[in-house]
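A.B. asks: show me how the following folds:
(2 chains)
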2 protein chains.
Amino acid sequence: MVEVAIMGFGVVGSGVAEVLTSHQESIARRAKQEIHIKYILDIRDFADSPYASKFTKSFETILNDPEIKVVAEVIGGLNPSYDYVKQLLQNGKSVVTSNKELVAQKGAELLKIAQDNNVNFLFEASVGGGIPIIRPMNQCLAANDVIEIAGILNGTTNFILTKMIREQMTFDDALSMAQRLGYAERNPAADIEGLDACRKICILASLAYGRHVYPDQVHTQGITNITLEDVAYAEDWGGVIKLIGQAKKLENGQIQVVVAPMFVGRESQLAGVDDVFNAILVRGDATGDVVFYGKGAGKLPTASAVVADIIDCVKHTEKRIYLYWADAQEGYVSDYEESVIPVYMRATAPGMDDETAVGIADELFGGVRRLYRDNAPREEIAFVTKELPLREIKRLRDELEHRGVSVISMVRISDLT
Amino acid sequence: MVEVAIMGFGVVGSGVAEVLTSHQESIARRAKQEIHIKYILDIRDFADSPYASKFTKSFETILNDPEIKVVAEVIGGLNPSYDYVKQLLQNGKSVVTSNKELVAQKGAELLKIAQDNNVNFLFEASVGGGIPIIRPMNQCLAANDVIEIAGILNGTTNFILTKMIREQMTFDDALSMAQRLGYAERNPAADIEGLDACRKICILASLAYGRHVYPDQVHTQGITNITLEDVAYAEDWGGVIKLIGQAKKLENGQIQVVVAPMFVGRESQLAGVDDVFNAILVRGDATGDVVFYGKGAGKLPTASAVVADIIDCVKHTEKRIYLYWADAQEGYVSDYEESVIPVYMRATAPGMDDETAVGIADELFGGVRRLYRDNAPREEIAFVTKELPLREIKRLRDELEHRGVSVISMVRISDLT
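C.D. replies: Next up is the predicted model:
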């Protein structure tokens, strides 16, 4: 029998306790021994909980109990999680976590500490909730160079965009609905500004390319500026707008990482991923495209991924699972303005004929493809540029504005097929 | 350094050699030691191959070389693979294979021999080629009861159906095209009759539910009877026809396994899986639906999955990876005629008014939903029944024929959402 502890008894923590209890037998069979919850750490009281006797408010109790071999950190956030996890690893205990902020900010350091102490630090649940992605990427794709990773990594924003696309709901209405349904938090900033997706693509890129990518190295744009007009133009273009987290290896050895709304062609596997679902596409040089799809969040999906990690730690108490990446390096992540892409622009040219406005854009960008939508005001134009360095596109946009055509929105065109 | 052998230098075998060579460094990093190909077994000569010095025609050389720790069996078929693999495992060597026939027919026995000899028998590549499915199912879903597995498990048939659906190509034309493009073999029976998909669902069901399911226990129907008329009616119903392999746990402890063409609703994640792509949906009680998607075959995808297994064996030479299921048991797989489903029927009623014919169907089946297509001959009707035990549906179909309405085709309606 192995004794484990759960730190944090919120949504995920209570789910972990539930899954460990309800699947006790099959878990014991797979872990080759029984897994027993000895402590649950929480500052709150849960007198009526079936686990009441296991609660402790003292982190030290867990840290100093030599019987505890594996700890699940499901408190979330950096404080006190980071400090706790570090101490636990240094004390020879394996740690599993669903905490994407912790892994995205401190992954390299914690993996190093785990390595130095011959214990495991696993985080399957930190990306994609119940969708297995970290483990398949680490193991099955061992024989591949990862050319690209691209994913719909945030369920809340995908739900909002789906409502905008399918039901012509405005952004604000869709956000309210997401909040009502419990898909978005009262303060939705981390989701709608792209930070949550950014943390996840950082973790995936770090794993795939072996070097830590920190969230502040990644150009991150949310979906708050996307309007129904943009959705309509995307449709005319032949696709939908999705919030995409993308990481690519460049020929010069740098990697390109970005989180931004993008036009995604209808034929892409990611275009049909709707509502709160997540999907992660991994393009390997040998496997080709592999896509992992499922609900990226939720109590039981996330908890079951945490439990799978616990089982793996229990099976490998004497042995490390190879999961490691080096710390960040200056100049490793390319400047996002150097990426060469086409973009969509919607603009307004008051007092100007729309043909004239498009003519100016066409001249400046060396040819554009005009897009149309129903009921567009007379002075509105929309178009897609050719592939150009983003820096150049921005310069030309300023030029365009100088000549009386003011750009209201600008969205990347993805190359996802 | 670990010495390995490859048995069979066909498409997959040469791919394995290629991946092991081209990714040598990253593989060594992950396996924690270098992997070196010592032998390649093939009855043919490959004098010009870069691996020429490694070829042997003698299985015994591999079997009796104590340096060889891991062998990749990529010969295919049961003979001599089964005999070879058995001897290797008994001789203390781990074996990895892409051979679905071998695993579907002999999996339980070989897993038992591997267990008795404290070695590993892995077969990630046997289902879904390069799509990681065996390992995620075994590990990540450890904390789940698998409620259902359903998949598009055969790329050839999916390609043919896609051509029929999207381009109104006839079955014969689409098959010829698949053969021309190298997606279908000269003798396409194993694909189009559903046997290939059957072997794969057997492997998945065995793994998910812990007891071997043999192909001859599974009701298997191919796609040779599907016509463009059926495709058109499926569209009117609201979906597409896909060849689905499905396994479900029943409340009485039995499992239901079937391979058959099915109507799949447009909203299902499987409906949009086109061309040679495969997708496997796993419904867990905790994770909910998780879908794995990618090309299910091909030289390098399959080879990279074989190599991932080799790496895993190398990492676990002193330790077994838990992958095991018991042998079959009588009465464990339910009689397929007991499944309760709606079905689609297309019928012709010569000399009868179509309203009259539908009326008879309506009366017999206790209500049917009529389907329509353009340019249907006057005496053709099509409809979908209510949910009924398949045995009862067949009885009623006979009754229908008795009353002058002869059924031309009958396709299951899936409950995939």
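
A.B. asks: so the helix or strand of chain A with the lowest mean pLDDT, near chain B or not?
C.D. replies: Here the helix or strand of chain A ranked lowest by mean pLDDT, DSSP states H and E is helix A:134-139, holding a mean of 84. Yes - applying CB under 8 Å from any CB of the partner chain, one finds that helix A:134-139 is in contact with chain B at A:135-136, A:139. C-beta coordinates here come from the backbone N, C-alpha and C atoms, glycine included.

A.B. asks: near chain B, which residues of the stretch 1-150 of chain A?
C.D. replies: In this structure, the stretch 1-150 of chain A approaches chain B at residues A:15, A:19-20, A:23, A:26-27, A:30-32, A:124, A:130-132, A:135-136, A:139-145, judged by CB under 8 Å from any CB.

A.B. asks: select from those every entry located in helices.
C.D. replies: Taking DSSP state H, the ones among those that sit in helices are A:15, A:19-20, A:26-27, A:30-31, A:135-136, A:139.

A.B. asks: please indicate which of the residues of helix A:134-139 next to chain B has the highest neighbour count?
C.D. replies: Neighbour counts for the residues of helix A:134-139 next to chain B were taken using other CB atoms under 10 Å in any protein chain shown; the highest belongs to A:P136, which has 25 neighbours.

A.B. asks: quick one: residues contacting the spatially closest residue to it that is not a sequence neighbour.
C.D. replies: Counting by CB to CB, 6 or more residues apart in numbering or on different chains, B:P132 is the residue found nearest to A:P136 once chain neighbours are left out, at 3.9 Å. Shown here is B:P132, whose contacts under the criterion CB atoms under 8 Å, 6 or more residues apart in numbering or on different chains are A:132, A:136, A:139-141, A:290, B:124, B:292, B:305, B:308.

A.B. asks: where along chain A do the helices fall?
C.D. replies: When secondary structure is read from DSSP H, chain A shows helices at A:11-22, A:24-31, A:59-63, A:81-90, A:100-116, A:134-139, A:155-167, A:171-180, A:189-192, A:195-209, A:228-237, A:299-315, A:354-365, A:390-402.

A.B. asks: now the second one, how far from the centre of its chain.
C.D. replies: Here the centre of mass of C-alpha atoms in helix A:24-31, compared against the chain's by CA atoms, centre = their mean, to the nearest Å, lies 30 Å away.

A.B. asks: same question, the third one
C.D. replies: Distance of helix A:59-63 from the chain centroid (CA atoms, centre = their mean) equals 31 Å.

A.B. asks: can you count the residues close to A:T21?
C.D. replies: Other residues close to A:T21 by other CB under 10 Å number 12.

A.B. asks: how about it, what does it touch?
C.D. replies: Remark: with contacts taken as CB under 8 Å, 6+ apart, A:T21 is in contact with A:I37.

A.B. asks: got the confidence number for it?
C.D. replies: As predicted, A:T21 sits at a pLDDT of 95.

A.B. asks: distance of it relative to B:E18?
C.D. replies: As for A:T21, its distance to B:E18 is 47 Å (criterion: CB to CB, to the nearest Å).

A.B. asks: equivalent analysis for A:Y209, please.
C.D. replies: According to CB to CB, A:Y209 stands 22 Å off from B:E18.

A.B. asks: hmm, back to that, quick one: list the elements packing against the least confident helix or strand of chain A.
C.D. replies: In terms of contacts (3 or more CB pairs under 8 Å, 6 or more residues apart in numbering or on different chains; DSSP states H and E), helix A:134-139 is packed against helix A:195-209, helix B:134-139, helix B:299-315.

A.B. asks: alright, that wraps it up for me.
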